[in-house]
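K.L.:
Sharing a sequence plus its predicted fold:
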Amino acid sequence: MPNIDTEGLALRAGHKPGLRISADTISAQDIAARYQSFGCSVALAHARVGRDRRPRVLIYVAPTAQAAIGLRAAEHHLLEPHISDRDRAFFTRELGLRLGFPTCCVDAFAARILRGSGHLHAGDRDRHDDDFVAASDGWVARPDWRLNSLLMRHRARLISFTPCRLDCPAALAQAAIILGLVHEHASATAPVLEDMLKRPLAIGPTGARAWLRRGADHQAGAGPITGTIAGAEAPRELPDGAPDPDDVAHARSWSSAEIDASGHLLGCGLPAPRLLDFAALR
Ligand SMILES: [Zn+2]
């Protein structure tokens with residue numbers, strides 16, 4: 001799937017106040033130059049970020065130089081190695097608001113940091129994958145596929161933040177605008193993107209995720225899946241992307257799971273993996 005720059009479209013259409021892009025040193029100059037050619041201001045920083053802590057160039061893009069530098073200043077504090085949870089929550093909120101994310105979603109993200117990263121409940125000892133915790137916090141029986149932010153690694157997303165709930169109206173307002181821009185500027189790719197985002201997705205406490213298949217008695221759009229599923233497969237970038245081996249192993253062990261009314265995959269360990277049935281509303 002060609003990479004649709006959903007955020008870039010939103011920024012250039014005036015729907016976003018800023019962007020933060022993480023790139024390798026080779027492509028960073030090209031990305032910066034491309035945004036400058038659109039008349040945007042760019043600020044750069046170097047840091048080790050992401051799951052693998054590789055050196056990356058952080059590119060902050062905004063309509064004015066002052067706004068681009070403001071984004072960089074907000075994240076600068078987050079890159080300090082010994083930052084407290086309190087400061088991390090404060091500056092994460094600051095960065096999120098400067099990037100134009102909805103206040104309710106930014107507040108929910110900051111609250112999870114204060115609770116203790118990876119904790120499902122305040123006071124828990126066990127830590128889990130942050131996406132799993134966020135998906136558990138934001139779980140609703142009929143999540144809206146336009147808020148599916150769990151396939152960013154597979155380059156499928158409309159929004160680039162974690163919604164406070166998977167039916168958050170403020171997040172949906174942004175997702176709807178971006179979906180319109182995708183149809184306008186990348187109409188050939190839009191159906192592939194929608195197909196990926198609209199599949200029922202399970203995520204486990206390690207962050208492993210799988211697309212679940214409905215059984216013959218579950219029709220898409222007929223409400224959330226409950227009972228036994230027909231199978232599971234690791235998500236991949238369509239049409240022929242390589243799946244993550246950890247996702248493949250989990251998909252295999254979840255492939256005949258039973259699902260309760262709150263989307264828990266039963267018999268798959270605790271805390272139970274969670275189904276986000278993005279096809280329930282179709
Ligand atoms: Zn929200």
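P.N.:
Now that the structure is in, tell me what you want to look at. Bear in mind that the values here come from a model prediction, so they are computed numbers and not experimental data. Residues are numbered from 1 along each chain as shown.
K.L.:
Contact distance from the ion - what residues of the stretch 51-200 of the chain qualify?
P.N.:
Contact residues, the stretch 51-200 of the chain versus the ion (CB under 5 Å from the ion): P102, C104, C105, C164, C168, A170, A171. (Each C-beta comes from the backbone N, C-alpha and C, glycine too.)
K.L.:
Adding pLDDT and neighbour count, write the residues you listed out as a markdown table.
P.N.:
Listed next are those as a markdown table, based on pLDDT from 0 to 100; neighbours: other CB atoms under 10 Å:
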| residue | pLDDT | neighbour count |
| --- | --- | --- |
| P102 | 98 | 21 |
| C104 | 98 | 15 |
| C105 | 98 | 24 |
| C164 | 98 | 23 |
| C168 | 98 | 21 |
| A170 | 98 | 14 |
| A171 | 98 | 26 |
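K.L.:
From these, which land in helices?
P.N.:
C104, C105, A170, A171 (DSSP state H).
K.L.:
how close does A62 sit to L19?
P.N.:
Computed with CB to CB, to the nearest Å, the distance linking A62 and L19 is 7 Å.
K.L.:
what's the answer for P245, then?
P.N.:
To L19, P245 is 31 Å away according to CB to CB.
K.L.:
Neighbour count for those two, which is higher?
P.N.:
Between P245 and L19, counting by other CB atoms under 10 Å, L19 is the more crowded of the two (24 against 10).
K.L.:
And L114, how far from the ion?
P.N.:
17 Å (CB to the ion, to the nearest Å).
K.L.:
List the contacts of that residue.
P.N.:
Residues near L114 by CB atoms under 8 Å, 6 or more residues apart in numbering: D85, R86, A89.
K.L.:
Checking C268 next. Helix, strand or coil?
P.N.:
Taken by DSSP: H, G, I helix; E, B strand; the rest coil, the conformation at C268 corresponds to coil.
K.L.:
My assumption is that I59 lies in a strand; please confirm.
P.N.:
Yes - if the criterion is three-state DSSP, then I59 is within a strand.
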